[in-house]
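>>> this one's structure only:
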């Protein structure tokens, strides 16, 4: 069952950028791609790099540590060395707050 996580007081990032947030002990990166918001786990599964600090090109984010690339829409690996995808989250704005929806339980 999905659960919602309201990130009160956290505004969406400006277009072409990302912010880092935490929900239930997980770091999540929220990206603004042309006005659309996407969220994925913020930690690269290859070596723990911070995806929220990666370069965004279209819907692809590149990990700043070793160059793994992920699709911010799905979390899928676009290019290694990462061999595993990252978890995607549904994200929306409600009353000025970001709301993330996840399918995991703490």
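Yes, it's here. Just so it is clear, the model here is predicted, and its values are computed rather than measured.
>>> who's sitting farthest from the centroid in this protein?
Relative to the centre of the chain, and counting by Cα atoms, centre = their mean, the farthest-placed residue is residue 95 at 20.7 Å.
>>> for residue 11, see how far away it is.
Taking Cβ to Cβ, to the nearest Å as the measure, residue 95 falls 12 Å from residue 11. Every residue, glycine included, has its C-beta placed from N, CA and C.
>>> now do the shared contacts for those two.
Residues touching both residue 95 and residue 11 by Cβ atoms under 8 Å, 6 or more residues apart in numbering: none at all.
>>> so where's this protein shaky on pLDDT?
Residues of the chain that meet the criterion pLDDT under 70 lie in 1, 104-106.
>>> okay, and the beta partners of the residue lying closest to residue 22 once chain neighbours are set aside?
Excluding the flanking residues, the one nearest residue 22 by Cβ to Cβ, 6 or more residues apart in numbering is residue 28, at 6.9 Å. Counting by DSSP bridges, residue 28 forms beta bridges with residue 21, residue 41.
>>> now for residue 15, how many residues are close by?
The tally of other residues near residue 15 (other Cβ atoms under 10 Å) stands at 12.
>>> now for it: which residues touch it?
Here residue 15 is in contact with 32-35 (criterion: Cβ under 8 Å, 6+ apart).
>>> distance of it from residue 32?
Distance from residue 15 to residue 32, counting by Cβ to Cβ: 5 Å.
>>> quick one, what contacts residue 48?
When contacts are counted by Cβ under 8 Å, 6+ apart, residue 48 touches residue 65.
>>> what are the ranges of the helices in the chain?
In order along the chain, the chain carries no helices (DSSP state H).
>>> among the contacts of residue 15, which ones are buried?
32-33 (16 or more other Cβ atoms under 10 Å).
>>> kindly indicate which of the contacts of residue 15 lies nearest residue 3.
residue 32 (23.3 Å; Cβ to Cβ).
>>> ok, that closest one to residue 80 distance?
Distance of residue 32 to residue 80, given as Cβ to Cβ: 26 Å.
>>> my read: residue 68 touches residue 55, true?
No. Counting by Cβ atoms under 8 Å, residue 68 stays clear of residue 55, with 11.8 Å between them.
>>> the two - which one has more neighbours?
Between residue 68 and residue 55, counting by other Cβ under 10 Å, residue 68 is the more crowded of the two (25 against 11).
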